[in-house]
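Peer 1: Take this sequence and fold it.
(one chain, ligands or ions: 2)
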Amino acid sequence: MRTDTGQIIHLADYRPTDFVLERVDLTFELDPTATRVESRLIFHRRDGVDAGLPLVLDGDDLSMTELRLDQIELPASQFDARADQLIIRDLPQSAPFEVTVVTVLNPEANTQLMGLYRTNGVYCTQCEAEGFRRITYFPDRPDVLAPYTVTIIADKATNPVLLSNGNFLGGGNYDEGRHFAAWFDPFPKPSYLFALVAGDLGVVEDSFTTQSGRDVALKIYVEHGKEPRAAYAMDALKRSMKWDEERFGREYDLDIFMIVAVSDFNMGAMENKGLNVFNDKYVLADPETATDQDYANIEAIIAHEYFHNWTGNRITCRDWFQLCLKEGLTVYRDHEFSADMRSRAVKRIAEVRHLKAEQFPEDAGPLAHPVRPTTYREINNFYTTTVYEKGSEVTRMIATLLGRDGFKKGMDLYFERHDGEAATVEDFVRCFADVSGRDLSQFSRWYHQAGTPLVTASGDYDAARQIFTLSLQQMVPATPGQPVKEAMHIPLSFALILDNGTTAEPSAVDGGEVTGDVLHLTERAQTFTFSGIASRPVLSLNRGFSAPINLEFKQTPADLVHIARHDTDQFSRWQALTDLALPNLLQAARDIRSGKEISCDPAFISALLEAAADESLEPAFRAQALALPSESDMARELGGNNDPDAIHAARHGIIERIAKAGRPVFETLLSQMRIEGPFTPDADGAGKRALRNSALSYLSYVEGGAARATDAFNTADNMTDMVQALTILAHRFPDATETAEALSAFLQRFEENPLVLDKWFAIQATIPGRDALARVKALLQDARYVASNPNRVRSLVGAFAFSNPTGFNRADGEGYRFLAEQILMIDPRNPQLAARILTSMRSWRSLESVRADQARTVLAEIQRHSGLSTDVRDIVERMLTA
Ligand code: B3K
Ligand code: ZN
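Peer 2: Numbering: from 1, shown residues only. Ligands and ions are numbered 1, 2, ... in the order given. Sure thing, here's the model as predicted:
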């Protein structure tokens, strides 16, 4: 039985626990099907709490075999034990007392991958958000913090490695071939940060000396034989530790920091104190098997989980409504880290692409919710791009408002004030208000109001008075539960670019607050005037994407070309190229639907090719410019009545035109961007490979056959090039013999490597067109398809539903029906995974009516299904009712 009864939890109902937890002492006797967990908890009643109130502990699917109070067995009359709750009555008024609970678990049968489970013979835990209650009865909420002692007893031959949080206390041999290890974590933590790992694993070891001179042992545990593939992760970890010291003054606090890579994991990774558990996809890499994107992901996620040690662990969340307090902030920190490790501009472009592709649709659809929600039914459904990515953007805006030094001071105060506490978003914001003296109350609406603000801008230049006038309006769309919105405080970075490419320095700016190059839009409508502007300027607005908004600003192609050439902000140059591309793409989509011939503005094509060939720009930037807005970007911009087939055909047609006009440019790039010597995963090399592969892809649109991509596939000496070539073959020439041969050669070479096999599945699952569904169904029958492995499910079912717009959104609804079958099959074993994949339908209302009707029918069928998990029920009902 699941704990979650589907009740709605409200932020307004928050109150502290009646009992204070002082200490936790856990003993695990591991067994694949009958693990015994003895938990000893010391509590005292909180001051002022009524003596009659019982102790209520959370459970989920638990079976208890022993219960003692101060070591004496409790009479049945004194407690009620259910699978999801333990209530103990008649407890001491003020003196501390000890509750001992023994539960017996079956890790082998735990397919949800929450609580204690087994993956490839390794015991492993996942407790965030509410998995600890699947291990033992506990006040399983983030505001209950205590130091933990953990003893693990297990068969020594099969489990030589026994790990938990904190510092190693000691270990030794036990009876019957068993051994034990004891760990103590002195830093009070909530239960969601508990972790245990046991099994037979290989280890990579290193060390780090902190800024104050303490030595920290670093260990990454992987399956035997995979040790060399953890080298990059180790390097990323050491760089993260150093960066957090230098940038935020944060030093690591335990004697040891461990990472364990496992193959069955519901998400990317988990920041358990001192013992991060990772999806092995984000640890293992070598040139033969990992792409540049894989390396970048590993670097970012290793950093993210490490940074949680301060933002999440030392200061945690008071309740789950505050999730963005740790997630948004930590994403901001990992973004800054990657920006410092790589190209800041290219990193920013990638972030904004991701935000717009994932968060903007969420914010515009039925699942929209504030960065800091006020209600939830299933907390696991709130680990969203809104909480993470928009949460990070909100943090970034605070840094913009306060400036680098002000932000640093605010962070220092936050660490000083709240270390060791479970804090709230209000606590966080107050630190920045206190150090800056700024009133951040209007700004805080970013946490509370859902929906992407729409800013409409128009400019006017008065040559006689040498004044440039900018009129701005803002509107936040209605979202579920929030029909009416208030005006936001929107920081807009700007530049007035003159004819000669220099930036105008106005003699005065009126109409609102301006700090440095940032305009503060705080009213619904506001007009800024810039005086002393000698000639007509081109306005570049929302530079660096200083605010996560939709901007409607009708600029001429000539002005956009001017920005693309001259803005000192590289991000804005990319944005201008995108703004040039979009109207062409969108018009082409409309033309196709009305049966017209499509066309493309030559001025856009030449601006794009100019950027592609511009050797003063870094290759990675040029590759980003060439990567046109995606089909889902187009769908988002079209905003409704969308036909994925028309969108696909339109984009295809525009690419063909660019390819035709740019053939010589692409030919040149292909030879210029060749890299000699062995592969290294650095950003420079990655940029060159990206640009070269982009050229290769464009060329496939002007060349009739698969020859060039086949050659690229056959000569590739690294996984990035190989995957790109294989993708071109599969997506552009799905029926060519060369494609079949390449797919089978790839399979043969990498059959033993699950992470590469995932790529093989995903490339095929995303081949556009009507045949996609049949292909996906056939792959589902492949012996290598493992339904119990979340990575594999995501690489086939997830990739199809999220990343194959034409294949999935078939007008006959078969794509949706297939997804529904899969969801209903996955749900009983792994509700979190099922719910996550179902969110692929979150934009169903913006489809044209035939598809939208099909989607609605299928969602209603899912909803009618009896026995849905709370996770899936929550998603499907929100998608249908909003
Ligand atoms: N905090 C975890 C996510 C847990 C998800 C629980 N459903 C990973 C992270 O954001 O670092
Ligand atoms: Zn996180």
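
Peer 1: dump the residue contacts of T384.
Peer 2: E362, L367, H369 (CB atoms under 8 Å, 6 or more residues apart in numbering). (Each C-beta comes from the backbone N, C-alpha and C, glycine too.)

Peer 1: Okay, domains of this protein per the record?
Peer 2: When the chain is parsed with automatic domain parsing, its domains come out as 9-200, 316-448, 454-540, 549-702, 751-882.

Peer 1: how about the ones you listed in CSV, adding mean pLDDT and distance to L729?
Peer 2: Putting these into CSV (pLDDT from 0 to 100; distance: least, CB to CB, whole Å) gives the following:
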stretch, mean pLDDT, distance to L729
domain 9-200, 98, 32
domain 316-448, 98, 24
domain 454-540, 98, 40
domain 549-702, 97, 9
domain 751-882, 98, 9
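
Peer 1: Ligand 2 is nearest to which of those domains?
Peer 2: Ranking the domains of the chain by their distance to ligand 2 (criterion: CB to the ion) puts domain 316-448 first, at 4.7 Å.

Peer 1: And the closest one, end to end?
Peer 2: End-to-end span of domain 316-448 (CA to CA, to the nearest Å): 20 Å.

Peer 1: ditto for stretch 138-150
Peer 2: End residues of stretch 138-150 are separated by 15 Å (CA to CA).

Peer 1: Is there proximity between it and ligand 1?
Peer 2: No - judged by CB under 6 Å from any ligand atom, stretch 138-150 stays clear of ligand 1, getting no closer than 11.1 Å.

Peer 1: Make 40 the first number, not 1, from now on.
Peer 2: With the count now opening at 40, the last piece we talked about shows up as stretch 177-189.

Peer 1: Could you verify my assumption that F233 touches Q165?
Peer 2: No - F233 lies out of contact with Q165 (CB atoms under 8 Å); the separation is 10.0 Å.

Peer 1: Now for the residue nearest to L819 when sequence neighbours are not counted: which residues touch it?
Peer 2: Take L819 and drop its neighbours on the chain: the residue closest to it by CB to CB, 6 or more residues apart in numbering is L835, 6.7 Å away. Contacts for L835 (CB under 8 Å, 6+ apart) come out as F800, A801, A804, V815, L818, L819, Y824.

Peer 1: Would you quantify the distance from the first one to L863?
Peer 2: Going back to what we said before, that points to F800. Counting by CB to CB, to the nearest Å, the separation of F800 from L863 is 21 Å.

Peer 1: Compare these two (neighbour count), which wins?
Peer 2: Ranked by neighbour count (other CB atoms under 10 Å), F800 and L863 place F800 first, with 25 against 16.

Peer 1: for the stretch 40-189 of the chain, what spans make up the strands?
Peer 2: For the stretch 40-189 of the chain, applying DSSP state E, counting those that start in this stretch gives strands covering 48-49, 58-68, 74-84, 94-97, 103-108, 111-112, 118-121, 124-127, 136-144, 154-158, 161-165, 185-194.

Peer 1: any idea how far D239 lies from N315?
Peer 2: Distance from D239 to N315, by CB to CB: 20 Å.

Peer 1: Reformat the strands of the stretch 40-189 of the chain into JSON lines and put distance to A722 next to each item.
Peer 2: Output for the strands of the stretch 40-189 of the chain, formatted as JSON lines (distance: least, CB to CB, whole Å):
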{"stretch": "strand 48-49", "distance to A722": "43"}
{"stretch": "strand 58-68", "distance to A722": "43"}
{"stretch": "strand 74-84", "distance to A722": "45"}
{"stretch": "strand 94-97", "distance to A722": "45"}
{"stretch": "strand 103-108", "distance to A722": "53"}
{"stretch": "strand 111-112", "distance to A722": "62"}
{"stretch": "strand 118-121", "distance to A722": "54"}
{"stretch": "strand 124-127", "distance to A722": "52"}
{"stretch": "strand 136-144", "distance to A722": "45"}
{"stretch": "strand 154-158", "distance to A722": "33"}
{"stretch": "strand 161-165", "distance to A722": "32"}
{"stretch": "strand 185-194", "distance to A722": "40"}
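
Peer 1: I'd like to know which of these is closest to T414.
Peer 2: Closest to T414 of the strands of the stretch 40-189 of the chain is strand 48-49 (CB to CB; 5.3 Å).

Peer 1: Please compute how far the closest one lies from its chain's middle.
Peer 2: Chain-centre distance of strand 48-49: 24 Å, with CA atoms, centre = their mean, to the nearest Å.

Peer 1: same for it, what does it pack against?
Peer 2: The contact analysis (3 or more CB pairs under 8 Å, 6 or more residues apart in numbering; DSSP states H and E) places strand 48-49 against strand 414-415.

Peer 1: Please identify the buried residues of stretch 525-539?
Peer 2: Across stretch 525-539, burial judged by 16 or more other CB atoms under 10 Å covers A526, M527, H528, I529, P530, L531, S532, F533, A534, L535, I536, L537.

Peer 1: Next: stretch 134-151.
Peer 2: For stretch 134-151, by 16+ other CB under 10 Å, it's F136, V138, T139, V140, V141, T142, V143, L144, N145, P146, N149, Q151.
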